[in-house]
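Asks: my questions concern the predicted model and sequence given below.
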Amino acid sequence: MDVKSSQASPVLADPTPVNKSRLGVHSSLLPSFSTSLSAVPRKKPGKLDDVRSNGWLDAMISSSPPRKKAVKDFNSLSDEADIPYLSWMIRYPSALNSFQLIMDVARNRKLVIFLDYDGTLSPIVDDPDQAFMSGEMRLAVKSVASHFPTAIISGRSRDKVYELVGLTELYYAGSHGMDIMFPAKNTVCRDELNCVKGTDMEGKEANLFQPASEFLPMINEVYNSLVEITKDIKGSKVENHKFCVSVHYRNVDENSWAVIAQFVHDILKEHPRLRLTHGRKVLEVRPVIEWDKGKAVEFLLKSLGFSNHRDVLPIYIGDDRTDEDAFKVLRKAYRGYGILVSAAPKESNAFFSLKDPSEVQYFLESLVKKVQQDDE
Ligand SMILES: O=P(O)(O)OC[C@H]1O[C@H](O[C@H]2O[C@H](CO)[C@@H](O)[C@H](O)[C@H]2O)[C@H](O)[C@@H](O)[C@@H]1O
């Protein structure tokens, strides 16, 4: 169903120039790591210099802004500490305040919604196994999916994210888009080589696109090695997401971050066909194949028959660095809108911003309300 609007404004305007500079922390501000090894392991990591000089530590430190309390009144200007955030919002306007503008651009076009999971639909919490979405958020996502094609694209395994979301109305892409399931009926799989037929959670015929399937044994092996070598680092956690592995350091003493990074660095040195990406207080090991959340968005749009730029307006909502690939794809040729979920200023390829998952929920509910009003 399309969103209708009374005002015509077909131009997909770019409200902000993108500053590509990175928010880094100078290495002179880093803590000393000389005492960290006592906390750690039987197997020794390689020289810790690697991860200091290659920028990993800077990236790790800036990888997740401190969590703030949800702000109920998103128009409030009262908190002086929020001035940097408010000036950042001039470049990344609130998708709530810009809602009418987005609806004007969506006029006579089909909205297709892409959602990240952690930090977008569920708040960031210390334990990844406790990252649940609220019942209200589930209802909002379900309602959106009943009006617009909606996909979840997560770094988690597809099974895990489905278990957390629990809705059959959506398309699911796990492992940063390296594991995509979509119905076989009325769709085309654009890459026959990497597509197999399967059945979805309801037993219906589905296409399964897995461009990294040859990496499965390697990922399992690396997962086992990472579990073993990090087991004495207090607070570390390694997750197997089928086509990628997550190494969490959110709960690790900052003095041991260099050690955990160096272990991952050493593993990657032994496996040149794997690479690293940074998430929120997590190091993610994945195949070197040219595939990411941006490619997954393009793939789904094509496979589901939504590749015509003039008829379709894709919106992608996400909060971390891996979502930037999707924002870039949408920004290219003013194809659609990326919406960054962030309570702190950060550089992004997104057009708009939302402060936290509660604002995401409100935005999704507003989409549903708008389409219901138009149908009346
Ligand atoms: O692509 P996403 O759906 O956003 O998944 C990215 C990673 O999310 C999870 O980790 C993040 O959320 C955790 C729970 O709030 C938090 O504890 C952690 O620090 C975050 O990095 C997930 O556990 C990772 O495996 C995903 O890659």
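Replies: Structure's in. What do you need? Numbering: from 1, shown residues only.
Asks: what strand or helix carries residue 295?
Replies: Taking DSSP states H and E as the criterion, residue 295 maps to helix 293-303.
Asks: any residue of that helix touching the ligand?
Replies: No: if you take CB under 6 Å from any ligand atom as the test, helix 293-303 misses the ligand, and the best it gets is 7.5 Å. Glycine gets a C-beta too; all of them are placed from N, C-alpha and C.
Asks: so after that helix, what's the next helix or strand?
Replies: Helix 293-303 is succeeded, C-terminally, by strand 312-318 (DSSP H and E).
Asks: direction included, what does that next one pair against?
Replies: Next to strand 312-318 in the sheet, as set by DSSP bridges, lie strand 110-115 (parallel), strand 337-341 (parallel).
Asks: so which of those strands is the most packed in?
Replies: Stretch with highest mean neighbour count among these: strand 337-341 (a mean of 26; mean count of other CB atoms under 10 Å).
Asks: tell me the angle that one makes with helix 293-303.
Replies: Angle of strand 337-341 versus helix 293-303, following axes from the mean of the first three to the mean of the last three CA atoms, to 10 degrees, is 140 degrees.
Asks: dump strand 337-341 to PDB, restricted to CA.
Replies: Output in PDB follows, covering the C-alpha atoms of strand 337-341 (Å, rounded to 0.1, in the frame of the first residue of the first chain):
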ATOM      1  CA  TYR A 337      16.200   7.400   3.300                       C
ATOM      2  CA  GLY A 338      18.600   6.100   5.900                       C
ATOM      3  CA  ILE A 339      17.600   6.900   9.500                       C
ATOM      4  CA  LEU A 340      20.300   6.600  12.100                       C
ATOM      5  CA  VAL A 341      19.300   5.700  15.600                       C
END
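Asks: give me the contact list for that strand.
Replies: Residues outside strand 337-341 that contact it (CB atoms under 8 Å, 6 or more residues apart in numbering): 12, 92, 95, 102, 105, 116, 119-120, 313-319, 323, 326-328, 330-331, 346, 348-357, 359-360, 363.
Asks: from these, which land in helices?
Replies: 102, 105, 326, 327, 328, 330, 331, 357, 359, 360, 363 (DSSP state H).
Asks: next one: residue 326 relative to residue 184, how far apart?
Replies: According to CB to CB, to the nearest Å, residue 326 and residue 184 sit 24 Å apart.
Asks: near the ligand, which residues of the stretch 51-200 of the chain show up?
Replies: 116, 117, 118, 119, 124, 125, 126, 128, 131, 154, 155, 156.
Asks: swap the cut-off to 8 Å and go again
Replies: For the stretch 51-200 of the chain, the residues in contact with the ligand (CB under 8 Å from any ligand atom) are 64, 116-120, 122-128, 130-131, 152-156, 161, 176.
Asks: from those, which land in helices?
Replies: Counting by DSSP H, those place residue 161 in helices.
Asks: so which of the residues of the stretch 51-200 of the chain next to the ligand belong to strands?
Replies: 152, 153 (DSSP state E).
Asks: list only those of the residues of the stretch 51-200 of the chain next to the ligand flagged as buried.
Replies: When those are checked for burial by 16 or more other CB atoms under 10 Å, the buried set is 64, 116-120, 122-124, 128, 131, 152-156, 161, 176.
Asks: check contacts around the closest residue to residue 206 other than its chain neighbours.
Replies: With CB to CB, 6 or more residues apart in numbering as the criterion, residue 206 has its nearest non-adjacent residue at 4.2 Å, and that residue is residue 200. Taking CB under 8 Å, 6+ apart, we find residue 200 in contact with 168, 181, 183, 206.
Asks: I am finished for the moment; much appreciated.
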